[in-house]
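[1] build me a model from this:
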Amino acid sequence: MRKLLFCLFFNPKEAENPVIMKTVCVLLPGILLSIFFPLHLFSQCANGAPASTITYDTTVISNGSSSRAFSFPKFDPSVGTLLSADIKSVVNTSYSYTLQNQHSASHSYKVKILRSDDISGTALDPSSISVTHSTSYLNTPILTPGQIFSYGPANLNYIVTSSVNDARLINFMGAGTVDFDYEAGTSANVVGTPPFGLNFSTAIDTTVFSVTYQYCATSLLSSDLLFFSATPSKGRVLLNWRQATIENGRTYNAQVSTDSRTFKNIVSIAENNDGAYAYTYLNNESGRLYFRIEEKNPAGKIKYSNIRIVDPEQSANKARIYPTLYTGGNLQVDFPYKANWQVNLYSAEGKRITDSQQTDAYNAQISLPTMISNGMYTVEVVDMHTQQKQFTRIIVSR
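    Take a look at the predicted model:
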């Protein structure tokens, strides 16, 4: 039987400090209790920059095997740039059982408890989280015919974690909620000579399920950086950025990270007179890389660009559209090869907002209407020769 979990959340208005939204729920047949507690926490981002996190936290008590549906508010893009959505499930299962030897001779048995957790949802597609944990086998004493062995209460405790920091992050951003289906199951496995009787009817689990948004606050983001791109090319990553204003004495540190949180400088470039900058990074890494530009003025004030992701598993024939969180200026499109292209922008309702044709182009800058409203949009890139299409979702927040 499927039990649905509905909880109420309240959004704080422009809270200066990271916030935990905490909800405690009890999952019982026909009964749902929900209590809301706001908490605050403080931490630091990589390189000592002020950190920001928002955590939505729900506690559910059930019978060890159940189906649950969790809904949490999405991340508000106006708060800052989302770096990751960290999913965590803290499980504490208390169990007891009795085992009876129903054989005509004396025997000993081994018993272990297994618990599975399956977390899915459209925000996680095409992946999902599926794990199984178990106790070690417990040997019973030698049981005479008809003798019953009782065990418990005992606990099986563990933590499930997963972090989304790839293109799926867009599913966690905007208005509305991000939804998860959580399937939990608890069972016992017996090794020994049958027949035997296992009574495993007592299992109570307490599951704390949470989503933590790690983000860079808007106050740290450069507002006059026109664009920043990171383009992979045969063992190299080409970094390009352009500044809208010139400020003598300003420097730019190109930075790289393997986890989107801890960044290291790879080059420092001084301000020039035309505001255009480029650097080629020799890529010796096999996994996903994250790049950003640290902008420091003569007074020591630091601003950052949005983060660009380079994933070696991405198709070489895929166009790159950025920023996916659009706050103004032009939309940059890097085509996978030189050709004739058409770029279309659609509203969430499927209405075409703009279209642009690019002839014999490697890249393009698309101007969006000044009166376009905030919300979710889809960018369609079409190869005019092959008619192959690619769709990318962006969020407009101005």
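
[2] using the three-state scheme, assign N171.
    Per DSSP: H, G, I helix; E, B strand; the rest coil, the local secondary structure of N171 is helix.

[3] surely it is in contact with S127?
    No. Counting by C-beta atoms under 8 Å, N171 stays clear of S127, with 11.5 Å between them. All C-beta spots, glycine's among them, are computed from the backbone N, C-alpha and C.

[4] who has more neighbours, the two?
    Just comparing N171 and S127: by other C-beta atoms under 10 Å the higher neighbour count belongs to N171, 17 against 11.

[5] how about the more buried one, nearest residue that isn't a chain neighbour?
    A123 (3.8 Å; C-beta to C-beta, 6 or more residues apart in numbering).

[6] got a list of what that neighbour touches?
    By C-beta atoms under 8 Å, 6 or more residues apart in numbering, the contact set of A123 is A85, V164, R168, N171, F172, V178, D179, F180.

[7] which of the residues you listed has the most neighbours?
    When neighbours are taken as other C-beta under 10 Å, the top entry among the contacts of A123 is A85 (25 neighbours).

[8] now the residue nearest the centre of the chain: closest residue in space, sequence neighbours ignored.
    The chain has V164 as the residue nearest its centroid, 2.6 Å off, counting by C-alpha atoms, centre = their mean. In this structure, V164 finds its nearest non-sequential neighbour in A85, 4.5 Å apart by C-beta to C-beta, 6+ apart.

[9] also N101?
    L143 (3.8 Å).

[10] assign the residue nearest to N171 to helix, strand or coil.
    Applying three-state DSSP: A123 is helix.

[11] how is the chain divided into domains?
    Per the record's domain assignment (automatic domain parsing), the chain is made up of the domains 19-217, 221-314, 315-398.

[12] could you dump those domains to a markdown table with mean pLDDT?
    As requested, the domains of the chain are exported to a markdown table (pLDDT from 0 to 100):
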| stretch | mean pLDDT |
| --- | --- |
| domain 19-217 | 81 |
| domain 221-314 | 84 |
| domain 315-398 | 83 |
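
[13] all strands for the stretch 201-350 of the chain, in order.
    225-232, 236-243, 251-257, 264-270, 276-282, 289-296, 302-304, 308-310, 320-322, 325-326, 330-347 (DSSP state E, counting those that start in this stretch).

[14] hang on, the earlier thing: from L169, how far out is the residue nearest to N171?
    Per C-beta to C-beta, to the nearest Å, A123 is found 9 Å from L169.

[15] now swap in L156 and tell me
    Between L156 and L169 the distance is 32 Å, computed by C-beta to C-beta.

[16] residue boundaries of the strands in the stretch 51-200 of the chain?
    52-62, 66-73, 80-101, 110-120, 129-134, 138-139, 148-164, 177-191, 196-217.

[17] wait, which of these is closest to S257?
    Of all the strands of the stretch 51-200 of the chain, strand 80-101 sits nearest to S257, with 9.7 Å by C-beta to C-beta.

[18] what pairs with that closest one, parallel or antiparallel?
    Here strand 80-101 has these sheet partners by DSSP bridges: strand 148-164 (antiparallel), strand 196-217 (antiparallel).

[19] wait, S163 touches D86, no?
    Yes. Between S163 and D86 a contact is recorded at 4.9 Å, counting by C-beta under 8 Å.

[20] re the thing from before, redo the strands paired with strand 80-101 as TSV? Include distance to F291.
    Shown next, in TSV, are the strands paired with strand 80-101 (distance: least, C-beta to C-beta, whole Å):
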stretch	distance to F291
strand 148-164	18
strand 196-217	14
